[in-house]
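Asks: coords below, sequence missing:
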């Protein structure tokens, strides 16, 4: 078991940003070192069958959760799996894929924390919770551009799924070690703005880097671009780290240095020449932009995964 993969879970509602975050972290760790599992592949019914049965993909009965649980347990023990494949493009299933575990595994999807046995398979658990208005915008953009839906169809589908979202998806937030909420810099901001603020809820279920020496609550009238405060989440005390989109490279560099110093293996990750993709996003017109909130989020999650590698030994 000393060579078993470190497993990261990324759970959130449809179009919450799971795939974007997953791909970014995989690039940082080296895609050859990361096995990516999408739990949508464990759907029980294809798109046409779901329509005929009036069931959504968010409902547990629409998914083979027992097979997903079995496969994650096999991966955690270092064994290969024969994973089903669901195509979002066609809404049908394709030939299964033989997967051998690598150094890391990222499991992203809708129902990744739905049972105690599944939750026990993860070393680090992340939940994505963007504001619903922003998630709606993302879902319309994705499903109209990539999945062939009209905007009216997407809005109808969102309304149809709301009950299952409330009952089965959002309650999984309680099991996460880290809750990630990207949001617009202000209520009046353009919804298409690519550089977002981020609010990170740091639960005491895993060890976090000590940021208290660098980040203290503001005493001036002007709120700092990076803030660390005590708060409560779901009734329990937590640390909350907030990073604004206008944070400077200098202030971000101090925070990055603190996280990297806590984990020697992170030095290569933190080197922008070695890892130029850290915090990079594509703008609305196709340009590549630097997002410091995204960079810090990626770096922090990578920190937890590498810490888990140390603990494994």
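Replies: Yes, it's here. Model, not experiment: these values are computed from the prediction.
Asks: Spit out the contact partners of residue 6.
Replies: Contact analysis of residue 6 by C-beta atoms under 8 Å, 6 or more residues apart in numbering lists 103, 104, 105, 123, 124, 305, 308, 309, 312. Yep, even glycine has a C-beta here, placed from its N, CA and C like the rest.
Asks: so the third one touches residue 35, yeah?
Replies: Yes. With contact defined as C-beta atoms under 8 Å, residue 105 and residue 35 form a contacting pair (4.4 Å).
Asks: Need the overlap of contacts for those two.
Replies: Contacts common to residue 105 and residue 35, judged by C-beta under 8 Å, 6+ apart, are 5, 75.
Asks: of the two, who's got more company?
Replies: residue 105 (24 against 20; other C-beta atoms under 10 Å).
Asks: In a strand, that one, correct?
Replies: Yes. In this structure, residue 105 lies within a strand as judged by DSSP: H, G, I helix; E, B strand; the rest coil.
Asks: Model confidence score at residue 236, please.
Replies: Looking at residue 236, its pLDDT is 90.
Asks: give me the beta-bridge partners of it?
Replies: residue 233 (DSSP bridges).
Asks: now the contacts of residue 6 in JSON lines, with distance to residue 139?
Replies: Output for these, formatted as JSON lines (distance: C-beta to C-beta, whole Å):
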{"residue": "103", "distance to residue 139": "32"}
{"residue": "104", "distance to residue 139": "28"}
{"residue": "105", "distance to residue 139": "26"}
{"residue": "123", "distance to residue 139": "29"}
{"residue": "124", "distance to residue 139": "26"}
{"residue": "305", "distance to residue 139": "28"}
{"residue": "308", "distance to residue 139": "32"}
{"residue": "309", "distance to residue 139": "34"}
{"residue": "312", "distance to residue 139": "37"}
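Asks: May I ask which helix or strand encompasses residue 27?
Replies: helix 18-29 (DSSP states H and E).
Asks: what is the rounded mean pLDDT of that helix?
Replies: Helix 18-29 comes out at a mean pLDDT of 89.
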